[in-house]
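In: Next comes the sequence, and after it the predicted model I'd like to discuss.
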Amino acid sequence: MAIENGSSGLASSLTDLMTSLMVIFILLLVATLNNAQQEGETTRNAILKKLQERLSGEVNEYREQGFEIKNDPKDPLGLIVIVPDGLLNFAVNRADIPAAGIEFLQKIVPKMAATLCSEEFRREIESIVIEGHTDSTGSDERNLPLSQERSLRVVQESLRVLAGTTTGDGQLNRGCFLELLSATGRGSVEPVRDQAGQEDFNRSRRVIFKIRVRSLERRIVTEVTGNEPTTGK
């Protein structure tokens, strides 16, 4: 009986020890994950800030007209390139890029590609999205493809601009930019409103650029697998 009681007590002690070790392990794991998440957020915010400053500094000639790069309120990993009014705004039911918009793209796209595809930032960039919009007039059946057409026109013009740089870093930047680039149409779901809350129809018919950096998870996967982003050929 004494032997049985001793064995039972030993088993109970081992169970308690294993439970305690498991609790300690879980607490250490949670603490490690929290630290990693905080470190990832700090790194992400630092990258976004540096990228924002660098791109803003590259386009000084449009700053007084309203050119701005700001954090995307809907995406903690994103930046939005605010194009000055009138440059990439479209006529009603049209997808033709205004002449001033073509001039704007000729100036900004090479600088944007050079920055985003540089050694400093290329590993950090997830995507570049050119997003088209319409005003709220007309049907969704018309507005959705129209907004998509507007974004595709800007994509085509951007690539045409970069095609002029066919040697050296310019060619590499074009390949990198193309790899990151996509176009999407949002229709009329995100109209621009004035201070009174009324839709500004002219400003609603627009195209914007969205830049997204890699999440902590994607950064870890890249580091573990060794699959580096390519820079085009």
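Out: In hand now; what should we look at?
In: what secondary structure does the nearest residue to residue 65 once chain neighbours are set aside sit in?
Out: For residue 65, the nearest residue in space outside its immediate sequence neighbours is residue 84; the separation is 3.8 Å by C-beta to C-beta, 6 or more residues apart in numbering. Heads up, the C-betas are built off the backbone N, CA and C, glycines and all. Per DSSP: H, G, I helix; E, B strand; the rest coil, the local secondary structure of residue 84 is coil.
In: which residues does residue 84 contact?
Out: 62, 65-67, 104 (C-beta atoms under 8 Å, 6 or more residues apart in numbering).
In: make it 7 Å
Out: Remark: with contacts taken as C-beta atoms under 7 Å, 6 or more residues apart in numbering, residue 84 is in contact with 62, 65-67.
In: ranges for the helices of this protein?
Out: Here the chain has its helices, by DSSP state H, at 2-58, 99-116, 140-163, 168-180, 201-204, 216-225.
In: In CSV, list those along with distance to residue 71 and mean neighbour count.
Out: Compiled in CSV, those are given as follows (distance: least, C-beta to C-beta, whole Å; neighbours: other C-beta atoms under 10 Å):
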stretch, distance to residue 71, mean neighbour count
helix 2-58, 7, 12
helix 99-116, 17, 18
helix 140-163, 21, 18
helix 168-180, 19, 18
helix 201-204, 20, 16
helix 216-225, 17, 12
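In: And these: which comes nearest residue 79?
Out: helix 2-58 (6.0 Å; C-beta to C-beta).
In: about what we covered before: what's the closest of the helices of the chain to residue 76?
Out: Nearest to residue 76 among the helices of the chain is helix 2-58; the distance by C-beta to C-beta comes to 7.5 Å.
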